[in-house]
Structures are given as structure tokens and as C-alpha cells.
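K.L.:
Build me a structure from this.
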Amino acid sequence: MRISHPMLTIRHAGDRGHFDLGWLDTHHTFSFGEYYDRQHMGFRALRVINEDVVRGGGGFGTHPHRDMEIVTYVLSGALGHQDSMGNGSTIRPDDVQRMSAGRGITHSEHNASRDEPVHLLQIWLLPAKTGTTPSYEQRAFPTAEKHGRLKLVGAADGRDGAVTIHQDVALYASVLDPGMRVQHTLAPRRHAWVQVVRGGVTVNGQSLGAGDGAALSDESTVECVATDASEILLFDLA
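P.N.:
Residues are numbered from 1 along each chain as shown. Modelled structure (predicted):
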């Protein structure tokens, strides 16, 4: 079920695609893999938001990607990464990893712990250009930098220390105490997607809980007010 207001559409967490494979419990905001819903194929350049919980010792074996900007955002635990560019890393909470698949890469991801789960969001955006040289970037954005404000963590020009996403997008993260408010101004003909990572917020007066998303178009301002201790991502999109 989608709840629509004049310029805001809510995608409720419970309406997402869901698969529990034992080693992986995953929810898909948009169509992905075996989950297909022609009403939810993405929003602007935003193509995938998967919320994954990978059990201890589990992971995704080596697999290919092409022409996609992939952003990984870990909520808890630690995710190991290896790819055909020679990168090997561990992604932890407060880290943002960006991988540009370009003309083709392979990579694998695994839970860095044998005992504890890792909880993450994997986000795909369509690139502005196809066939580019694959690349990789990972940066830490401490919680203190996101607390009570919208911290830029991804942008087309990599400004202000953000990871470089090869698409006309600005990605912000915010950690909010109950009652805290953040506001973002949208330029004309820009759009926004707000994803509630945890907790609960109102977005332009509409209530959202953990896992919910909201698409906004023809709005000049996005205002988020925390109703609980919360974490959100905000995408400013062409």
C-alpha cells in the first residue's frame, strides 16, 4: 500500500519485498532479483535500497556488476569486501563505501564475524555515464558529524569530504534525538527521497517509521522531525 499526499508518497517498510534465506534476511524497497513490482522500479536515479541482515559467517560470493553506482551503509556489525580492482576492506557503522562498477567488476561481501549479524543498507544508483573505469572509495563519517544535522556523505563532485557518486545526487545522513529537526531546501525541479534507517520521524508532517521511505517532488523544503532516536538518509536527486 502506498500513501500519497499532494507531493509526497510513502513506501511503508512492511510493503517491501522480503526474503529470508536463512543466512540472509533482506527487504527490497524497489524491484530487485526475484522481487518484481512494476509500481516500484526505483525513484529518479535511485534504483535499489536493500536492507540486509547477514547472519554470522554468511555472505555474498563473487559476482559481477556493470554500470551501477553502489553505496554500502552499515548499521551494525562489520562487512568484509573484496573486489577485482584489488580492494579489500571492512565496512563498519559510520563508514560509507562507494563502488562504481563502470564497464565491469566482480566483488564479494561477507559478514566479518562468524557469530554476530551484520545489518546494512545497499543502495544502487544509475550512473550519469556508462562504460566508465571502475573505481572504489570508502570514508568514515563519525556520528558526531551527523548528529542534529544533515551531513553530506555522497555527491557528484565529492565536495566537503563526501564520497564521489557518478550521478547528479547529493546524499545526506543524519542522527537525531527525539524532537530534533533538520531541514533541506530543494532547488526547482529537484526531487528527494528520505529513507528512515532507524527510529521514527515526520517528513513534511507525515509519520514514517524504521524502514519506511518517502518520495518528494515539487516541494521546496524537506523537513524531518524525530519522534524517536532516529537515523535517516536523504537523497537530493535530479
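
K.L.:
Name the residues linked to Met99 by a beta bridge.
P.N.:
Met99 has these beta-bridge partners by DSSP bridges: Ile70, Tyr136.

K.L.:
Assign a three-state SS to the closest residue to Asp52 other than its chain neighbours, would you?
P.N.:
Computed as CB to CB, 6 or more residues apart in numbering, the closest residue to Asp52 that is not its neighbour in sequence is Thr26, at 4.8 Å. (Glycine included, C-beta is placed from N, CA and C.) Under DSSP: H, G, I helix; E, B strand; the rest coil, Thr26 falls in the strand class.

K.L.:
What's the end-to-end length of stretch 65-79?
P.N.:
Counting by CA to CA, to the nearest Å, you get 18 Å between the two ends of stretch 65-79.

K.L.:
quick check: mean pLDDT across that stretch?
P.N.:
The pLDDT scores in stretch 65-79 average 95.

K.L.:
in that stretch, what counts as buried?
P.N.:
His65, Met68, Glu69, Ile70, Val71, Thr72, Tyr73, Val74, Gly77, Ala78, Leu79 (16 or more other CB atoms under 10 Å).

K.L.:
pLDDT below threshold where in the chain?
P.N.:
The model of the chain has pLDDT under 70 over residues 1-6.

K.L.:
let's see it at 50
P.N.:
Applying pLDDT under 50 to the chain flags residues 1-4.

K.L.:
Setting aside sequence neighbours, what's the nearest residue to the residue nearest in space to the middle of the chain?
P.N.:
In the chain, the residue lying closest to the centroid (CA atoms, centre = their mean) is Ile123, at 4.3 Å. For Ile123, ignoring the flanking residues on the chain, the nearest one in space by CB to CB, 6+ apart is Val71 at 4.2 Å.

K.L.:
I figured the one you found hits Val96, correct?
P.N.:
Yes: between Val71 and Val96 there is a contact under CB atoms under 8 Å: 6.6 Å.

K.L.:
Identify the contacts common to those two.
P.N.:
Gly154, Val163 (CB atoms under 8 Å, 6 or more residues apart in numbering).

K.L.:
coming back round to it: any idea how many residues pack against the residue nearest to Asp52?
P.N.:
Thr26: 19 surrounding residues under other CB atoms under 10 Å.

K.L.:
How about the contacts made by it?
P.N.:
So Thr26 contacts His18, Phe19, Asp20, Asn50, Glu51, Asp52, Val53 (CB under 8 Å, 6+ apart).
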